[in-house]
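Asks: what's the 3D shape of this:
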Amino acid sequence: MKPIGTTTATKKLRKMKARIRIAQGGTGASKTFSIILILIDLALTDKSPTLTSIVSESFPHLKRGAIRDFLLILQGLNLFEDKRWNKTDNFYDFDTGSRIEFFSVDQPDKVRGARRDRLFINEANNVSFDAFEQLEVRTKNFIFIDYNPVAEFWAFTELIGIRGDAEHLILTYRDNEALDVEVKKSIETRRNRKGWWQVYGEGILGEVEGKIYQGWKIIDEIPHEAKLQRYGLNFGFTNHPAALAAIYYYNGGYILDEIIYGRGLSNQNLADALKNEPKALVVADSAEPKSIDEIKGYQISIIPAQKGKDSVVYGIGVVQDERISITKRSVNIIKEYRNYLWEVDKDGKVLNVPEEPYHYSMDAVRYGIVSLAPVINKRDFLENIPRRSSELKPNPAR
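Replies: Got it, this is the predicted structure:
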C-alpha cells in the first residue's frame, strides 16, 4: 500500500527511527496531522495486530484536536466505517486487527494501565513528566511526542541530547505544503515579533513576548460550593465565533467554564443555550444592541458591557488582578488564554492592544468580570478592614 501523506513534514517524520521521536515545531507545521497519518498508515498495513495509544492533557482537548483529525483523515480517504469506531471507549479497529485508542492523562487507570505497541503524546508540554514515564515504560515499540516550544519542559531536560534512544526534529509551516495560503500569509505577517516568530514561525525554543494573562490553573470541574456570578457573551456569526463563558466565584477566585464557542449561531441559538443553564446575569458585547434586545425578548437577563476610552486595557487589568481557574472542558478558553498576546509594532515594541485572533473568549470573560468590579471592590474592602478593636491603629491627630 502506498504511504499516506506527501508533505515534507510527513516525509521527515517517516524517516525517524529512534524509540522516542520528538517533533518540535511552530504553528501550521502539521505535526499532529502528519503523525496521525503515519499511525493510521501503520495500522492499515500491520502484518499482526497492534495497539496504538494517542494521548493528551484532557479528553476535551483530544476531542477537539487529535480525535477530530483522526476521523477527518479516515473520512477524507473513504476509509471510515462507523461500525469500527467505538464512541463510548474511543477506539477504532482496523481490518488488520490493529486498534488505535484515545485517552487523556487525567485518567490514572489508563496511564498506568495496559501495555501498547505505539504511543503518541500530543502537545506533550502540557503533560507531566511522571505521566510520560508511566506511559513510556508500558510502550513496546516507539513513541511520538509533539509540541510548540513555548518554554523549556521535560523533553529538553530529560530527553533531547540526553537519551541515546531519542531523536529530535524541528518542523515549521514551510514543511507543510498543504497549508492554506491565507494562513501562511498570516504567520509571515508576524516576522517582526521576535519572540513569537522564534517559537511559532521558526519552531525554536523561546519565550513569546507580550503574554497578557499568566498563572491561570486548569481544574477538573466546578466545585459544588462555587457560586455562579455572571455569563460573559461575545457575539459572532459567520467569520468570528460566538463565545459564552460562565463565571463562578469560589474560595477567593473565579472559575471559567465554557458554554458555547462556535460560528453560525443565531441569537435564538444563544438564548436557547442560556435557558438550559442556571440563571445569572449575562453581560454581552455592547457593540450589538439589537442582538441584546432580541435575546432579552427570550426572557434572558442580559445587559451590555460597559465600554469607553481605554476600557479594554482597564478590563484586562481587572482580570489580571484576580485568581483565575478554567475547567478542563473549556478547550477554547484554554487555547485563547495560552495565546492571548499584546500586539507588537514593527520595532518590536509591545502595544496596549490585544492581538488577533485569540480574543473571543477572552473578551467574553472580561465583560463578565469587569461587571463584577463593584462586588470585587466591596469584598476587598471588607476583607481588609480590622476585625478586632486591637487591630485598629491609633489616630495621631487625636
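
Asks: now do the helix or strand hosting residue 351: distance to the chain's middle.
Replies: Applying DSSP states H and E as the criterion places residue 351 in strand 350-354. Offset of strand 350-354 from its chain centre (Cα atoms, centre = their mean, to the nearest Å): 22 Å.

Asks: who touches that strand?
Replies: 209-210, 212, 312-313, 316, 340-345, 362 (Cβ atoms under 8 Å, 6 or more residues apart in numbering). Just so you know, the C-beta spots here come from the backbone N, C-alpha and C atoms, and that holds for glycine as well.

Asks: okay, and which of these map to helices?
Replies: Using DSSP state H, the members of those that fall within helices are 312-313, 316, 362.

Asks: still on that earlier bit, any of the contacts of strand 350-354 buried? List them.
Replies: 209-210, 212, 312, 316, 340-342, 344, 362 (16 or more other Cβ atoms under 10 Å).

Asks: show me which of those residues is closest to residue 94.
Replies: Nearest to residue 94 among the buried ones among the contacts of strand 350-354 is residue 340, at 39.9 Å by Cβ to Cβ.

Asks: list the contacts for that closest one?
Replies: Applying Cβ under 8 Å, 6+ apart, the residues near residue 340 are 211-213, 354-355, 358-359, 362.

Asks: quick check: longest helix in this protein by residues?
Replies: Longest helix of the chain, by residue count under DSSP H: helix 31-45.

Asks: what's that one packed up against?
Replies: For helix 31-45, the contact count by 3 or more Cβ pairs under 8 Å, 6 or more residues apart in numbering; DSSP states H and E identifies helix 8-14, strand 20-25, strand 51-56, helix 66-76, strand 99-104, strand 116-121, strand 139-147 as packing neighbours.

Asks: tell me the buried residues in the helix or strand just after the third one?
Replies: Later in the chain than strand 51-56, the nearest helix or strand by DSSP H and E is helix 59-64. Neighbour-count burial for helix 59-64, with 16+ other Cβ under 10 Å as criterion, is recorded at 59-64.

Asks: and if you look at stretch 286-304?
Replies: 288, 291-292, 294-296, 300, 302, 304.

Asks: just put those residues in a markdown table and tack on distance to residue 262.
Replies: Listed next are the buried residues of stretch 286-304 as a markdown table, based on distance: Cβ to Cβ, whole Å:
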| residue | distance to residue 262 |
| --- | --- |
| 288 | 16 |
| 291 | 16 |
| 292 | 19 |
| 294 | 18 |
| 295 | 16 |
| 296 | 22 |
| 300 | 18 |
| 302 | 19 |
| 304 | 22 |
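
Asks: out of those, which are inside strands?
Replies: With strands taken from DSSP state E, the overlap with these comprises 302, 304.

Asks: if I look at residue 257, how far off is residue 365?
Replies: 11 Å (Cβ to Cβ, to the nearest Å).

Asks: what does residue 351 give?
Replies: From residue 351 to residue 365 the distance is 21 Å (Cβ to Cβ).

Asks: so those two - more neighbours on which side?
Replies: residue 365 (27 against 11; other Cβ atoms under 10 Å).

Asks: enumerate every residue touching that one.
Replies: Residue 365 is in contact with 232, 245, 247, 256, 319, 333, counting by Cβ under 8 Å, 6+ apart.

Asks: which regions of the stretch 251-398 of the chain lie under the pLDDT threshold?
Replies: Per-residue confidence for the stretch 251-398 of the chain (pLDDT under 70) gives these ranges: 346-348, 375-398.
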